[in-house]
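1. Just the structure for this:
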Amino acid sequence: MIRLLVDSTGLARTRFVVSPLHEAIGTLMPSGLRPRSGPDAWMGRARRVLRREGLELLAAFALDQAGSYLPDFLTPHPSGPAPGIAEQVEAVRTTPPERVLAELDAVRHGRPAANLAGRELPEVVERTLAQGPAELARRAAEELERYWELAMAPYWPEARSVLDAEVDRRGRVLARHGAAAMLNSLTPQLRWADGRIELESRYEVCVPAPEVLLLPSLVNQETLIILDPVPGLQRTPALHYPIERPSAVSELPDPSVAQLLGPTRAALLASLGRPATTSALAARHFLSESTASYHLGVLHRSGLVSRNRSGREVLYQRTERAEHLTRQS
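-> Down below sits the predicted model:
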């Protein structure tokens, strides 16, 4: 059992984070190994990039079985609720040398008090470390950047929209029912009571938590609490919990709407119950981006979809007018 002791101040500081780098590293952990089908099949294929592109350091850190430690400097805690991948990779690149060395020591020796097994450092890690911990952090950041671009970036805008919707949903639970109800609603394996967050686990740990980061994940298939194994350098505990993509059944266009708008626009409108980019919609509906953009422009001018910028991406979503149209059909 993992127990986090959270007082009222810690509870007030507890926050949600949608982290692209945590999702990328999730594919290197045992709970991210399960085969996928449907719209998220890319997650099960992500690790293929490691071998194909010669990303030796990340491949060496990847875990196939639970019970070992993946260095935390690969997933620096973001300061805000929605960090960009560039700032997270830069945080990896500038990891303090003492943090790198301490975490690699934790890889070697494990943490017996928490039933965390040690393992030998892979040869490529030892070889890179011989050039200094700063060089190891630099190379890890370089490989992470490459891994992200090839394995994750094409799918991230749509995945992020699903994760953002999850945070919004939990925020409504918090506002209407309070923090205890919200925490207890995250996953059946998690319990909040009497100032403690308890997670059923093979590990036995009880630590104070000045705050907790809550990270919904499409990649990880089990609930995880990530604790810092380095004495004197304690980071905030991070609680990763799995979510499921909403069912696509409701994305089938209504025949009467298809008759009114045409099948392509009706299909695009039906799939915009959650925000999505032009490229994501084009891939999902087997259209060129120019064709998808044209039809989205018609729907936008008709007041049936909204268009909002999120960073460098433009996200489309159905408007209330479109919801009314689909309800009336």
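
2. Count the neighbours of the closest residue to residue 81 other than its chain neighbours for me.
-> Of all residues not flanking residue 81 in the chain, residue 17 sits nearest, at 5.7 Å (CB to CB, 6 or more residues apart in numbering). All C-beta atoms are positioned from the backbone trio N, CA, C, and that covers glycine. By the criterion of other CB atoms under 10 Å, residue 17 has 19 neighbours.

3. Got phi/psi on residue 17?
-> Per-residue torsions, residue 17: phi -140, psi 130 (degrees, to the nearest 10).

4. And residue 199, by the same measure?
-> phi -120, psi 130.

5. returning to what we had before: contacting residues for the residue nearest to residue 81?
-> Counting by CB atoms under 8 Å, 6 or more residues apart in numbering, residue 17 makes contact with 77, 78, 80, 81, 82, 83, 213, 214, 215.

6. one more time with 7 Å
-> 78, 81, 213, 215 (CB atoms under 7 Å, 6 or more residues apart in numbering).

7. Please spell out the ChimeraX selection for the buried subset of those residues.
-> Filtering the contacts of residue 17 down to the buried ones (16 or more other CB atoms under 10 Å) takes a single ChimeraX command:
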select :78,213,215
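
8. By mean pLDDT, which helix or strand of the protein comes out lowest?
-> helix 41-45 (a mean of 70; mean pLDDT, DSSP states H and E).

9. Would you quantify the distance from residue 235 to residue 307?
-> For residue 235, the distance to residue 307 equals 38 Å [CB to CB, to the nearest Å].

10. Test my guess that residue 285 contacts residue 266.
-> No. The pair residue 285 / residue 266 is not scored as a contact, 10.8 Å apart, by CB atoms under 7 Å.

11. quick one: which of these two has more around it?
-> Taking other CB under 10 Å, residue 285 and residue 266 do not tie; residue 266 has more neighbours (23 against 14).

12. Mind giving me the packing neighbours of the host helix or strand of the more buried one?
-> Taking DSSP states H and E as the definition, residue 266 sits inside helix 263-270. The contact analysis (3 or more CB pairs under 7 Å, 6 or more residues apart in numbering; DSSP states H and E) places helix 263-270 against helix 255-261, helix 289-301.

13. residues near residue 136, how many?
-> Residues lying near residue 136 (other CB under 10 Å) number 24.

14. What residues does it make contact with?
-> Counting by CB under 7 Å, 6+ apart, residue 136 touches 100, 128, 129.

15. per-residue pLDDT, the residue nearest to the second one when sequence neighbours are not counted?
-> Read that as residue 128. Spatial nearest neighbour of residue 128, excluding adjacent residues (CB to CB, 6+ apart): residue 136 at 4.7 Å. Residue 136 is assigned a pLDDT of 96 by the prediction.
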